[in-house]
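1. Quick one, what's the 3D model for this:
(chains A, B, C and D)
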There are 2 protein chains.
Amino acid sequence: MTTADLPKRKDAARNRQRILDAAKELFAERGLGVTLHDIAARAGVGVGTIYRHFPEKKPLIDAVFEEHLAELTALFEQALADSDPWQSIFWVHEQFLVHQARNRGLKELLLGTTPEAPDRARQLRAQLHPLAERLIERGKAAGVVRRDCATQDFGLLQTMVGAVIDAAEDVDPDLWRRYFVIALQGLRPKDAPLEPLPVPALPPERMEDLLVGTWKRRRT
Amino acid sequence: MTTADLPKRKDAARNRQRILDAAKELFAERGLGVTLHDIAARAGVGVGTIYRHFPEKKPLIDAVFEEHLAELTALFEQALADSDPWQSIFWVHEQFLVHQARNRGLKELLLGTTPEAPDRARQLRAQLHPLAERLIERGKAAGVVRRDCATQDFGLLQTMVGAVIDAAEDVDPDLWRRYFVIALQGLRPKDAPLEPLPVPALPPERMEDLLVGTWKRRRT
DNA sequence: ACAGAAGCGGACAGGAAGCGTCCGTTTCGG
DNA sequence: CCGAAACGGACGCTTCCTGTCCGCTTCTGT
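-> Numbering: from 1, shown residues only, chains lettered A, B, ... in the order given. Next up is the predicted model:
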């Protein structure tokens, strides 16, 4: 990302920024699958304009997720700075899930559920993994996570809770927190204290909404 | 499903059966989203033939999943007949997941991830829910599941582990068992014994395959 | 304030994928 | 052996996305 490719005319610069903003919004709302046409519409520019500035989606994705990468890395560093081995694990995973719940595009990148920018995604995960490793090793050493679990298990935990986010987001946007605690509890050693469940279960009569809601989404 | 609609000519009857068999296979392999064209190809008949026998997919789905409904209900009844409150819960959920892992269409129906036959799916779940309720209530009464959990939590557990099935099926088809045990462990009371993890975690270097593999699937 | 370059917009053409029909041909049964 | 029933699959339709092209607008420098 050099500074050389800045457009000189001021309408061009303005449009470029509008496009980036629109892309950021739409990636968060609807995932990386949105079309360049969608982004153009949201930005209030013509498709011609968008194709001139960004002939493909990848640079847009790169630009938008640059900052997220830094942010997520910072979360781990903050967690490692926290001296409580259990609390730090809990907190960082919770934070990751908050981000995923708020940003569909980021979730797709982290969980690998998009064909869109595989290298970007790989880079993201490659960078995060060693940090996670250190955190989990510390937890195991301190005896706050079960011995026979692995760093990878925490990745799959994100996948599992991610599924709940997807399923429940427009029925009860905070429901995932309950299952996050449940799944994480499953990774603790035998006599670990029971973490209280942060939100109530969905009432049985609303379960149907949740299950049906899963597939009918999309659109702006 | 009356017996009145049986075709009289023997080639017609044969084709009808071929179509049903092909549909069953494809629903299991690729989910309910397969097209009637796909089914025709697999059955070795022309599309005209399939549209003559089954103008829409729904009766096909009904026919194919009729037997599954009975089978799943039987699983719960078997579980309720088992007098061990914990073992029966573990077993029935494991069995459900085995079915889901083997049959993508069934998974879609159970987890509500298909727009295909919503009423069929609803019926299936409506019939299963009270049975699950009894099982879980028994478990709570016996103190083998945590007090503050609900029957619905076990439904979402299926969703969570279903996500692992999806993610891992062509990297390590049994990996879901590990996360099933982890998630279920999270629903046990404080001093419950640690269920051993049945399969090892995926080696770190193969995690990337798992994550990338999630989106590139489909086709026969 | 004006000319020409730079940028803009969006209609449009092209391609992929699914759906359902139609009709010439084949197969069955009496 | 003949007429009716069933078959097959090419074809046309629709939807959704992609990217281009060109007449029009807006900026910048003189």
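
2. So what would you say the end-to-end distance of stretch A:37-49 is?
-> Start and end residues of stretch A:37-49 are separated by 10 Å (CA to CA, to the nearest Å).

3. gap between that stretch and the chain center?
-> Put simply, stretch A:37-49 sits 25 Å off its chain's centre (CA atoms, centre = their mean, to the nearest Å).

4. likewise stretch A:27-34?
-> With CA atoms, centre = their mean, you get 12 Å for stretch A:27-34.

5. what do you get for stretch A:197-210?
-> Remark: stretch A:197-210 is offset 23 Å from the chain centroid, using CA atoms, centre = their mean.

6. and that stretch with chain B, contact?
-> Yes - counting by CB under 8 Å from any CB of the partner chain, contacts between stretch A:197-210 and chain B involve A:197, A:201, A:202, A:203, A:204, A:207, A:208, A:210. In short, each C-beta sits where N, CA and C put it, glycine included.

7. what does stretch A:125-139 give?
-> Yes - on the criterion CB under 8 Å from any CB, stretch A:125-139 is in touch with chain B at A:125, A:129.

8. And the contacts of that stretch?
-> If you take CB atoms under 8 Å, 6 or more residues apart in numbering or on different chains as the criterion, stretch A:125-139 is touched by A:69, A:72-73, A:76-77, A:79-80, A:85-86, A:88-89, A:92, A:110, A:112, A:145, A:149-151, A:154-155, B:204, B:207-208, B:211.

9. Write the PyMOL selection for whichever of these are buried.
-> Buried residues within the contacts of stretch A:125-139, by 16 or more other CB atoms under 10 Å in any protein chain shown, are selected in PyMOL with:
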select buried, (chain A and resi 69+72+76+79+85+86+88+89+92+110+112+145+149+150+151+154+155) or (chain B and resi 207+208+211)
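
10. Give the helix, strand or coil label for the closest residue to residue A:190 other than its chain neighbours.
-> Closest residue to residue A:190 apart from its sequence neighbours, by CB to CB, 6 or more residues apart in numbering or on different chains: residue B:194 at 5.0 Å. Secondary structure state of residue B:194, per DSSP: H, G, I helix; E, B strand; the rest coil, is coil.

11. how many neighbours does residue B:194 have?
-> Counted with other CB atoms under 10 Å in any protein chain shown, residues neighbouring residue B:194 total 16.

12. how about the residues of chain A that lie near DNA strand C?
-> A:7-9, A:11-12, A:14-15, A:44-49, A:51-53 (CB under 7 Å from any atom of the strand).

13. List buried residues within those.
-> Among those, the ones that count as buried by 16+ other CB under 10 Å are A:15, A:45, A:49, A:53.

14. from those residues, which single one is nearest residue A:105?
-> residue A:53 (19.0 Å; CB to CB).

15. which residues of chain A fall in helices?
-> A:10-30, A:36-43, A:47-53, A:57-81, A:85-102, A:104-111, A:118-141, A:151-168, A:176-185, A:204-213 (DSSP state H).

16. and the helix-or-strand element of chain A with minimal mean pLDDT, what does it pack onto?
-> Lowest by mean pLDDT, DSSP states H and E among the helices and strands of chain A is helix A:204-213, with a mean of 88. Applying 3 or more CB pairs under 8 Å, 6 or more residues apart in numbering or on different chains; DSSP states H and E, one finds that helix A:204-213 contacts helix A:151-168, helix B:118-141, helix B:151-168.

17. just flag whichever of the ones you listed has the lowest average confidence.
-> The weakest mean pLDDT among the helices and strands packed on helix A:204-213 belongs to helix B:118-141, with a mean of 93.

18. now that helix, how far from the chain's geometric center?
-> With CA atoms, centre = their mean, you get 14 Å for helix B:118-141.

19. per-residue pLDDT, the closest residue to residue A:71 other than its chain neighbours?
-> Nearest residue to residue A:71, sequence neighbours excluded (CB to CB, 6+ apart): residue A:99, at 7.8 Å. Here, the pLDDT recorded for residue A:99 equals 97.

20. cool, and the one 10 residues further on?
-> In this prediction, residue A:109 carries a pLDDT score of 94.

21. remind me which residues of chain A are low pLDDT?
-> A:1-5, A:7, A:214, A:216-220 (pLDDT under 70).

22. Can you give me the domain boundaries for it?
-> Listed by automatic domain parsing, the domain ranges of chain A are A:1-55, A:57-219.

23. Please tabulate those in TSV, including the columns distance to DNA strand D.
-> Converted to TSV, these look like this (distance: least, CB to the nearest atom of the strand, whole Å):
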stretch	distance to DNA strand D
domain A:1-55	3
domain A:57-219	7
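
24. Tell me which of the ones you listed is the most buried.
-> domain A:57-219 (a mean of 18; mean count of other CB atoms under 10 Å in any protein chain shown).

25. next one: that one to chain centre, how far?
-> Centroid separation between domain A:57-219 and its chain, computed with CA atoms, centre = their mean, is 8 Å.

26. residues in contact with the closest residue to residue A:185 other than its chain neighbours?
-> Closest residue to residue A:185 apart from its sequence neighbours, by CB to CB, 6+ apart: residue B:186 at 3.8 Å. Listed by CB under 8 Å, 6+ apart, the contact set of residue B:186 reads A:181, A:182, A:183, A:184, A:185, A:186.

27. 6 Å - rerun?
-> A:182, A:183, A:185, A:186 (CB atoms under 6 Å, 6 or more residues apart in numbering or on different chains).

28. Quick check: closest non-adjacent residue to the first one.
-> Right, the one you point to is residue A:182. Per CB to CB, 6+ apart, closest to residue A:182 is residue B:186, 3.8 Å.

29. Check residue A:51 too.
-> residue A:36 (6.7 Å).

30. go on, residue A:76?
-> Nearest non-adjacent residue to residue A:76, counting by CB to CB, 6+ apart: residue A:131, 3.8 Å away.

31. how near is the one you found to residue B:161?
-> 27 Å (CB to CB, to the nearest Å).

32. returning to what we had before: out of the helices and strands packed on helix A:204-213, flag the one nearest residue B:190.
-> Between residue B:190 and these, the tightest spacing by CB to CB is seen for helix B:118-141, at 14.0 Å.

33. Return that closest one as PDB; C-alpha atoms alone will do.
-> Extracted C-alpha coordinates of helix B:118-141, given in PDB (Å, rounded to 0.1, in the frame of the first residue of the first chain):
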ATOM      1  CA  PRO B 118     -39.500 -26.200   6.000                       C
ATOM      2  CA  ASP B 119     -42.700 -27.900   7.000                       C
ATOM      3  CA  ARG B 120     -41.100 -31.300   6.800                       C
ATOM      4  CA  ALA B 121     -38.300 -30.000   9.000                       C
ATOM      5  CA  ARG B 122     -40.600 -28.400  11.400                       C
ATOM      6  CA  GLN B 123     -42.600 -31.600  11.800                       C
ATOM      7  CA  LEU B 124     -39.400 -33.600  12.300                       C
ATOM      8  CA  ARG B 125     -38.300 -31.300  15.100                       C
ATOM      9  CA  ALA B 126     -41.700 -30.900  16.700                       C
ATOM     10  CA  GLN B 127     -41.900 -34.600  17.000                       C
ATOM     11  CA  LEU B 128     -38.400 -34.900  18.500                       C
ATOM     12  CA  HIS B 129     -38.500 -32.100  20.900                       C
ATOM     13  CA  PRO B 130     -40.800 -33.600  23.600                       C
ATOM     14  CA  LEU B 131     -38.700 -36.700  23.700                       C
ATOM     15  CA  ALA B 132     -35.500 -34.700  24.100                       C
ATOM     16  CA  GLU B 133     -37.200 -32.800  26.900                       C
ATOM     17  CA  ARG B 134     -37.900 -35.900  28.900                       C
ATOM     18  CA  LEU B 135     -34.400 -37.100  28.500                       C
ATOM     19  CA  ILE B 136     -32.900 -33.900  29.600                       C
ATOM     20  CA  GLU B 137     -35.300 -33.500  32.500                       C
ATOM     21  CA  ARG B 138     -34.300 -36.900  33.700                       C
ATOM     22  CA  GLY B 139     -30.700 -35.900  33.400                       C
ATOM     23  CA  LYS B 140     -31.200 -32.800  35.400                       C
ATOM     24  CA  ALA B 141     -33.100 -34.600  38.100                       C
END
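
34. I appreciate the help and will end here.
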